[in-house]
Every structure is written in C-alpha cells, then in structure tokens.
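> A structural model of the following input is requested.
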Amino acid sequence: MIIDQSIPYRHIIMRLDPQNYAPTEPKLPKGYSFHRYRDGDEREWAKIQHSVNEFPTVGEAYDYYHRDWCEFYGAEKMALAQYFVKSPSGELIADSMLRPKDIFTELRVTRLDWVACMPEHQGQGIATALLRHILNEAVESRPNDPIYLPTQPGSYAAVRMYWNLGFRVCRTSAIDDEEKPDAEAMEIIAPYYPDGFGETLVKTMVE
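Residues are numbered from 1 along each chain as shown. Next up is the predicted model:
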C-alpha cells in the first residue's frame, strides 16, 4: 500500500469502537514474526516509511523519527508503542505505532499511526496481521477505549483494509485541534473505488 502522493491531501479520521471489533488470530506468512521496538530500530523504521512514499529519503525519515519519537519519548515508551514485522532474513519490513492515551498522557485519544509494509512484501496479508496483533492486545487491555487512526485519500487501499478491520470514517470526531475530518476527503477518494466502495465509506460513517 504505497501512498499516492499525486492525490490531494485531506484529513481522514477513522475510529474503531472496541464493541465492533472481533479479535481474530493474526496469521503471518511462514518465517515472519512480530517484533517490538528496540533501541537502534530507527534506521529500519525509516527504510519502511520511505519505501511507501511517506518521506522523500531514508535520511529525512530517520531524522524525524529519531528526533520526534525516540528522543522525545525514550526507549521505554517506544517499546510500548512501536510494533514491527520481521522477515525470514531478519529485516524489519512492516510497522505501526499504537499510543494509548493513559500512557501517552498528552493525547486526547488512543491513536494508531504509521501503518506501512515494504512493497516487496505486500500482498501476503502482513499489514492486516500486524494490525490484528496490535488491535487484539489493545481491545483486550482497554475494552472501553476507542482507537483513532489518521489517514488520507492517497492511502485509499489502506483505507479499505482499515474498514475491513472495523474502523469507520468519522464525520465530526477529531483527534486533536489540527487533525479534524475534512469533508472534501470523501469526494476525493471516491473515484479510486470503481466498485462503489466510496459510497459504503459514506454510508457507514460515524460521528
């Protein structure tokens, strides 16, 4: 799921209400495994995010992650938040970050960010398995805590995956003062679903 940077950016906010999520055992391809953050994983994260067009260069991704996440939160909190998938060769090839609001107390809501899988490993259900692994733990430990996920029209393939997991597009609910739903987003994303899935996104929106 590579981000299409040619599509105009607009905020899409999605939310998973725990009562609408059915825990299912995550299934990774043979030889792949889940991995939690360890000090020094910054370069691997940068490679993953660069591979899906989130950053122009690996160096920029690394600088951002090291400065705004690792140095800001420290290794102990990063180990609680950052999840990876490791390939059979030992390379980290997919990642996502979950920050519960009771641990990351500067947040208004629990949020899921930075979902990515290297293109050469896509098509095997790795990103879905990683998210199920994360969501299973989150819903079990915090059954009354909705999970918010910011995304954009350029990630239209990922939006469908999130929806299939139980996330719904928010009509009005915001993550914070800057990340609020943009009404234009649904109009922009709709043409990228020839099967009419864009209409389903609108019909199933939540407040």
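
> make it CA atoms for all contacts and neighbour counts henceforth
Fine.

> M14 belongs to a strand, doesn't it?
Yes: checked against DSSP: H, G, I helix; E, B strand; the rest coil, M14 lies within a strand.

> from E187, how far out is it?
Shown here: M14 relative to E187, a distance of 16 Å by Cα to Cα, to the nearest Å.

> can you check K101 too?
With Cα to Cα as the criterion, K101 and E187 are 31 Å apart.

> now D145, what's its secondary structure?
Each residue gets one of three states, and D145 gets coil by three-state DSSP.

> list the contacts for it?
In this structure, D145 makes contact with 17-18, 110, 139, judged by Cα atoms under 8 Å, 6 or more residues apart in numbering.

> compute the inter-axis angle for the host helix or strand of I134 and strand 12-16.
Secondary structure from DSSP states H and E places I134 in helix 126-141. Taking axes from the mean of the first three to the mean of the last three Cα atoms, to 10 degrees, one finds that helix 126-141 is oriented at 50 degrees with respect to strand 12-16.

> how far does helix 126-141 sit from its chain's centre?
Offset of helix 126-141 from its chain centre (Cα atoms, centre = their mean, to the nearest Å): 11 Å.

> by contact count, what packs against that helix?
Using 3 or more Cα pairs under 8 Å, 6 or more residues apart in numbering; DSSP states H and E as the contact definition, the elements that helix 126-141 packs against are strand 82-86, strand 92-99, strand 110-117.

> neighbouring contacts of that helix?
For helix 126-141, the external contacting residues (Cα under 8 Å, 6+ apart) are 18, 23-29, 34, 83-85, 94-96, 98, 115-117, 145, 161, 165.

> how about stretch 35-47?
Stretch 35-47 has contacts (Cα under 8 Å, 6+ apart) with 58-62, 65-66, 70, 75, 78-86, 91-93, 95.

> how about that stretch: buried residues?
Within stretch 35-47, the residues that count as buried by 16 or more other Cα atoms under 10 Å are 35, 37, 41-47.

> counting only helices, which of these make the cut?
Applying DSSP state H to the buried residues of stretch 35-47, the entries found in helices are 42-47.

> format those residues as a markdown table; extra columns: distance to G196 and pLDDT.
Formatted as a markdown table, these follow (distance: Cα to Cα, whole Å; pLDDT from 0 to 100):
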| residue | distance to G196 | pLDDT |
| --- | --- | --- |
| E42 | 39 | 96 |
| R43 | 39 | 96 |
| E44 | 37 | 97 |
| W45 | 34 | 98 |
| A46 | 34 | 98 |
| K47 | 34 | 98 |
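
> would JSON lines of these with distance to Q122 be doable?
Rendered in JSON lines, the data for those read as follows (distance: Cα to Cα, whole Å):
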{"residue": "E42", "distance to Q122": "21"}
{"residue": "R43", "distance to Q122": "20"}
{"residue": "E44", "distance to Q122": "17"}
{"residue": "W45", "distance to Q122": "16"}
{"residue": "A46", "distance to Q122": "17"}
{"residue": "K47", "distance to Q122": "15"}
